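> Sequence and predicted structure are below.
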There are 2 protein chains.
Amino acid sequence: MLNGFGKHVLESKSVLSDASKEYIDSIDMRQNSFMEGEIVYNAGDSVNYVHIVQQGWLTSLNVLANGGRQLLNFYTPNDLVGLEFLSSKETPSTLKALSASTLVSVQRDDFVKIMRESPSLMEHFLLIVGLQDVIMQERICSMSRMDAKHKIVYFLLLLKSKVDVKTQEESQSLFLPLTQYEIADSLGLTNVTVSKVMSELERSGYIQYKRQRIEFLNSVDLTKMVDFKDRYAQFSKRLRGRDNIATAA
Amino acid sequence: MLNGFGKHVLESKSVLSDASKEYIDSIDMRQNSFMEGEIVYNAGDSVNYVHIVQQGWLTSLNVLANGGRQLLNFYTPNDLVGLEFLSSKETPSTLKALSASTLVSVQRDDFVKIMRESPSLMEHFLLIVGLQDVIMQERICSMSRMDAKHKIVYFLLLLKSKVDVKTQEESQSLFLPLTQYEIADSLGLTNVTVSKVMSELERSGYIQYKRQRIEFLNSVDLTKMVDFKDRYAQFSKRLRGRDNIATAA
DNA sequence: CGAATTCTTGATAGCCCTCAAGATACGTGG
DNA sequence: CCACGTATCTTGAGGGCTATCAAGAATTCG
């Protein structure tokens, strides 16, 4: 039941740098496609799969008691979805496709089996989840004390950072498949406030904003404004250093 | 350089359930004590150690650009500190003792070495960090959309849950070595608001509150009020299930 | 070209912060 | 055991930020 593309993704450096290859061949991997807006799983579903993003943008989110939504994480190609709740019976959040997406899904038990066969792979996963945790902690800092403007700047820089690490280059132009409602739902704001802040950031000359695209005109000052720490870049840099050491050894 | 107490902690079920014991003997572990209010490390310090809490309460926190503080995590005996930034060069947050505390500190490289020798230990750590991540995500939900009253109820239930799992029993009385300033700094509120909400919760008959101690008079309704999910208890239950399976196999 | 979605802009209201003053609890030294 | 200073908590008044509501504009898509 080997899926060629899935195998390729699992073998790719970003995910399974050195898993025992013979185990991969015995794994049941399914490739699934989802339309824009489609739900991959709902909060409370059984945890049966770990997913690898091939194409598209997805988000994890929670529907709150008051009817509001909280967007939690964004997933782009090569991201792993589900590492943080491997131990859970039920998924803690919903996964929704923001754009047309393709996922490779690996059964949880198979995934754990692969992981156990490759300690260095498991260590890699530990570091990834650790990074996610640190980023969540820093998001809490930004959510709790910043005003709307600073929250939004922080959010945009975090997304930019994530995309930049993926593309291995720093781009001042960011594709952003999010409506203002969705940005608002990421930050505990309303779409009205997002609109007003975006306009203000444009007037101030920091960004240029059109639907689905943001140009950063002064990312240096924006970074200072919110004291943004680029954990994705630090992690990526550090990981490359580790790989070199491992290769040398 | 073996420290008997440290060895005991590392061997205890909660941390190193089955690490290769011969490695533990070669590890340099130091036991350090900290006074109330003392800083263990500051944000930005090099990551040199992983710490195991023996006694006391500690908190990780960030000092924000505007001078405010954000308390992030609380650590109680047998907790591990530092798992989530094993891959980082610098600590992302400050660690401060809330009460007189004792820590066993293991050098990061030694800790990683132990971990690599015991995949099941590493898997355990992966699950722990995953749990932390999930809890952080849910804290974001509570921070972004809840009003002050609901934030505080959520916060108290989360602390209660953590303590209950540690003590393996559900207690309606919670020792809480936090001032109202510190609760406020955990939630992005002010001490004034915390005071007012606490009084209101008392008037409504939900809790009885005195400095450093809270009695829950109706934790069922409080849990419903904020739709609280007890991830600590779920994790603990699930882990015991896994252990049984592992033993049977 | 028309309908639906998304975004903009303004007016109003509510929650929580800020500021302030007093009350209570705690620790220390006599 | 008491007195005093400090830290913590309580309570009230006023103001700012963002939610809510609403109406219209712009964009997208069939």
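Noted; the coordinates are in hand. Treat the numbers as computed from the prediction; the structure is a model and nothing was measured.
> Tell me if the lengthiest helix in chain A is near DNA strand C.
In chain A, with assignment by DSSP state H, the single longest helix is helix A:119-145. No. On the criterion C-beta under 7 Å from any atom of the strand, helix A:119-145 is out of touch with DNA strand C, staying 8.7 Å away. (Each C-beta comes from the backbone N, C-alpha and C, glycine too.)
> for that helix, packing partners?
helix A:108-117, helix A:148-167, helix A:231-248, strand B:58-63, strand B:69-75, helix B:108-117, helix B:119-145 (3 or more C-beta pairs under 8 Å, 6 or more residues apart in numbering or on different chains; DSSP states H and E).
> buried set for that helix?
A:119, A:121-145 (16 or more other C-beta atoms under 10 Å in any protein chain shown).
> That helix and DNA strand D, any residue contact?
No. On the criterion C-beta under 7 Å from any atom of the strand, helix A:119-145 is out of touch with DNA strand D, staying 10.2 Å away.
> Return the residues in contact with the nearest residue to residue A:166 once chain neighbours are set aside.
Of all residues beyond its chain neighbours, the one nearest residue A:166 is residue A:76 (6.0 Å), with distances taken as C-beta to C-beta, 6 or more residues apart in numbering or on different chains. Going by C-beta atoms under 8 Å, 6 or more residues apart in numbering or on different chains, residue A:76 touches A:53, A:56, A:57, A:162, A:163, A:166.
> Next one, pLDDT for residue A:76 please.
Here the pLDDT value assigned to residue A:76 is 94.
> Please report phi then psi for it.
Main-chain dihedrals, residue A:76, degrees, to the nearest 10: phi -130, psi 170.
> Is it possible to mark the buried ones in the contacts of residue A:76?
For the contacts of residue A:76, buried by 16+ other C-beta under 10 Å: A:53, A:56, A:57, A:162, A:163.
> check contacts around the second one.
Just to be clear, that refers to residue A:56. A:34, A:76, A:77, A:97, A:98, A:99, A:100, A:101, A:102.
> Buried among these? Make that a ChimeraX selection.
Buried members of these, defined by 16+ other C-beta under 10 Å, are picked up in ChimeraX with:
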select /A:34,76,97,98,99,101,102
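> Throw the contacts of residue A:76 into TSV and include distance to residue A:66, thanks.
Output for the contacts of residue A:76, formatted as TSV (distance: C-beta to C-beta, whole Å):
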residue	distance to residue A:66
A:53	30
A:56	29
A:57	26
A:162	29
A:163	31
A:166	34
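> and which of these is nearest residue B:44?
Nearest to residue B:44 out of the contacts of residue A:76 is residue A:162 (C-beta to C-beta; 22.4 Å).
> Chain neighbours aside, what residue packs nearest to residue A:194?
Per C-beta to C-beta, 6+ apart, closest to residue A:194 is residue A:180, 4.3 Å.
> ok, now which ones touch the one you found?
Contacts of residue A:180 (C-beta under 8 Å, 6+ apart): A:191, A:194, A:195, A:198.
> Try it again at 10 Å.
Neighbour list for residue A:180: A:152, A:189, A:190, A:191, A:192, A:193, A:194, A:195, A:197, A:198, A:209, A:211 [criterion: C-beta atoms under 10 Å, 6 or more residues apart in numbering or on different chains].
> check those residues against DNA strand C, which are close?
A:191, A:192, A:195, A:198, A:209, A:211.
> ok, back up a step: what mean pLDDT does the longest helix of chain A get?
Averaging pLDDT residue by residue across helix A:119-145 gives 95.
> Kindly report the same for stretch A:27-43.
The predicted model gives stretch A:27-43 an average pLDDT of 92.
> Endpoint to endpoint, that stretch covers what distance?
End-to-end span of stretch A:27-43 (C-alpha to C-alpha, to the nearest Å): 26 Å.
> ok, back up a step: hmm, which two among the contacts of residue A:76 are most spread apart?
The largest separation in those, counting by C-beta to C-beta, is between A:56 and A:162 at 14.6 Å.
> gap between the closest residue to residue A:187 other than its chain neighbours and residue B:28?
Leaving out its chain neighbours, the residue that sits closest to residue A:187 by C-beta to C-beta, 6+ apart is residue A:151, at 4.8 Å. According to C-beta to C-beta, to the nearest Å, residue A:151 and residue B:28 sit 43 Å apart.
> about what we covered before: which one of the helices and strands packed on helix A:119-145 lies nearest to residue A:83?
helix B:119-145 (6.4 Å).
> now the closest one against strand A:58-63, angle please.
When axes from the mean of the first three to the mean of the last three C-alpha atoms, to 10 degrees is applied, the directions of helix B:119-145 and strand A:58-63 differ by 60 degrees.
> got any ranges where chain A has weak pLDDT?
For chain A, the stretches with pLDDT under 70 are A:1-26, A:242-249.
> okay, now residue A:224: neighbour count?
11 (other C-beta atoms under 10 Å in any protein chain shown).
> swap in residue A:216?
20.
> One more: residue A:118?
Neighbour number of residue A:118 under other C-beta under 10 Å is 19.
> cool, residue A:32 as well?
Around residue A:32 there are 14 residues (other C-beta under 10 Å).
> what residues are up against it?
Contacts of residue A:32 by C-beta under 10 Å, 6+ apart are A:38, A:40, A:49, A:51, A:54, A:101, A:102, A:103, A:104, A:105.
> so how far is residue A:42 from it?
15 Å.
> out of the contacts of residue A:32, which are buried?
Listed as buried from the contacts of residue A:32 are A:40, A:49, A:51, A:54, A:101, A:102, A:103, A:104, A:105; burial here means 16+ other C-beta under 10 Å.
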